[in-house]
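S.K.: What follows is a predicted structure for the sequence shown.
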Amino acid sequence: MKILILGGTVFLGRAIVEACAARGHEVTLFNRGQRNPDLFPELEHLRGDRDGNLEALRGRRWDAVIDPSGYLPRLVRASAELLADAVDHYTFISSISVYAGFPTRGMDENAPLGTLDDPTVEEITGESYGPLKVLCEQAVAETLPGRSLIIRPGLIVGPHDPTNRFTYWVDRVARGGDVLAPNRPDLDVQVIDVRDLAEWTVRLVERKQTGIYNATGPDYHLTLREVLETCKTTTGSDARWIWADEEFLDAQGVEEWTGLPLWIHNTPDMVGFSAMNIDRALAEGLTLRPLATTVADTLAWSQTLPADAERRAGISPEREAELLSLWRDQQ
C-alpha cells in the first residue's frame, strides 16, 4: 500500500512508520522537518505545515493516510478535506481522554464524550485536550463518511517516549533503594506499548477497517504495585517501596500523573480512568507484548539518552530524597 503519515518522526508516528516499512508498504511522511528530521532518509519526505501550508499534498494520491499528529479540529478538518479525494481510508489517532468522565470501570466506546463551551477554542490544556480530540474525530468522520478509523489509545509507553511518564518508574526502580510511591498500590494501571499500538494500527489500515476503538492494555487487571514489581524484577534492582499518603504528597506540591506518574487521586469521576474496556480492539486482533519486555526495552533505550536529556515527568533524585526524609519524620 501507499501510505501517507502526517508527522511520523516522534514516538507513535515514528513507530507507525517503522511498522509500515516492516510490512513492505510505500511510505510518505508529511511534516515540518523540525523534529528528528534525519530519521528515515530512505523514505519520501514532504515538507509543509498543517496550519496553512498543505500544498505539498495537492495533486498526489495514496491508498491511506494515518494521522497521529492532529490536536486541533480546524487543522484536522483542513487535512481531511484536502485528502478526501486523495485517499481511500483515513486513520485518526485520538485519545482515551475524549470521554466526559470515568465514573465506572469497564467503560466502552459508547460512553459519553467531553464537550467544550466554546468549540472554537484552540488552547490545549488538561481540560480542553480531550474535547478537542472529540471535535477532531468528528471532523474526520464527517469529511470521510464510512472511510475513517478512529483509535483512542490510553497511556502509550515504550522506547522513544518523550513524556517520561512510564520511563520515570523504569529508571527510578532500576536505581534501587527506597522508592517514593503514592499510597495507592492497588491503583488500576493501563498502558500500551507504542510498538503494539503501531503494528495493530497498520494491520487495521491494511484491511481498511472502520469504526472506533479503545486501545490500551494489558488484557488483564494490572495494578501500580504490579507495575513497580515488574520493573524491579526485570531490572534486577533492590528497590523498596515507601508508600506515602496522598495528603502528604498534595501538601508537598507533588502533582498527580506528572510528579509521580501513573498516580491519580481517588475521586468519583476517575474510577474508570485506567480500567477501560478494550474488548472491541482485542476482537479485531490487538496483541500485547509482556510488560516485562516493555520495561526492559524502555530501560535499554533510556540508558542511551544524554544525562541532561529533558525529563517532562517525575521528580528529581534530590527532591525524592527530601520528600522521603520529610515522610519519615512524620511517621
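M.R.: Structure's in. What do you need?

S.K.: tell me the domain boundaries of the protein?
M.R.: Here the chain is described, according to automatic domain parsing, as comprising the domains 2-158+191-215, 167-189+219-269+291-330.

S.K.: Can you read off the backbone torsions of residue 82?
M.R.: Note on residue 82: backbone dihedrals following degrees, to the nearest 10 are phi -70, psi -40.

S.K.: what residues are up against the nearest residue to residue 257 once chain neighbours are set aside?
M.R.: Of all residues not flanking residue 257 in the chain, residue 264 sits nearest, at 6.0 Å (CB to CB, 6 or more residues apart in numbering). In short, each C-beta sits where N, CA and C put it, glycine included. With CB atoms under 8 Å, 6 or more residues apart in numbering as the criterion, the residues that contact residue 264 are 187, 256-257, 270, 273-274.

S.K.: where exactly do the helices run in the stretch 151-300 of the chain?
M.R.: Using DSSP state H, counting those that start in this stretch, the helices of the stretch 151-300 of the chain run over 167-175, 194-206, 224-235, 246-251, 279-283, 291-302.

S.K.: Please name every helix or strand in contact with the last one.
M.R.: Think helix 291-302. Counting contacts by 3 or more CB pairs under 8 Å, 6 or more residues apart in numbering; DSSP states H and E, helix 291-302 packs against helix 167-175, strand 191-193, helix 224-235.

S.K.: hmm, back to that, quick one: closest of the domains of the chain to residue 281.
M.R.: For those, the distance to residue 281 is smallest for domain 2-158+191-215, at 4.6 Å, taking CB to CB.

S.K.: measure that closest one end to end?
M.R.: Between the opening and closing residues of domain 2-158+191-215 lies a distance of 24 Å (CA to CA, to the nearest Å).

S.K.: now that domain, how far from the chain's geometric center?
M.R.: Distance, stretch centre to chain centre, for domain 2-158+191-215: 12 Å (CA atoms, centre = their mean, to the nearest Å).

S.K.: avg pLDDT for that domain?
M.R.: Mean pLDDT, domain 2-158+191-215: 97.

S.K.: And the residue nearest the centre of the chain?
M.R.: Of all residues in the chain, the one closest to the mean position by CA atoms, centre = their mean is residue 156, 3.3 Å from it.

S.K.: Show me where this structure has its strands.
M.R.: Using DSSP state E, the strands found in the chain span residues 2-6, 26-31, 44-47, 64-67, 89-93, 148-153, 155-157, 178-182, 191-193, 211-215, 240-244.

S.K.: helices and strands around the third one, which ones?
M.R.: Judged by 3+ CB pairs under 8 Å, 6+ apart, the packing partners of strand 44-47 are strand 26-31.

S.K.: what are the pairing partners of the strand it packs on, and which direction each?
M.R.: Sheet pairing of strand 26-31 (DSSP bridges) gives strand 2-6 (parallel), strand 44-47 (parallel).

S.K.: Can you give the contact residues for the last one?
M.R.: Right, strand 44-47. Among residues not part of strand 44-47, those counted as contacts by CB under 8 Å, 6+ apart are 27-33, 56-57.

S.K.: Next, give me the two most distant ones among the residues you listed.
M.R.: Greatest spatial distance among these (CB to CB): 27 and 32, at 17.4 Å.

S.K.: Can you list the neighbours in contact with stretch 211-219?
M.R.: Applying CB under 8 Å, 6+ apart, the contact partners of stretch 211-219 are 96, 108-109, 137, 149-155, 190-193, 196-197, 200, 276-278, 280-282, 284, 286, 288, 291.

S.K.: Thanks a lot, see you next time.
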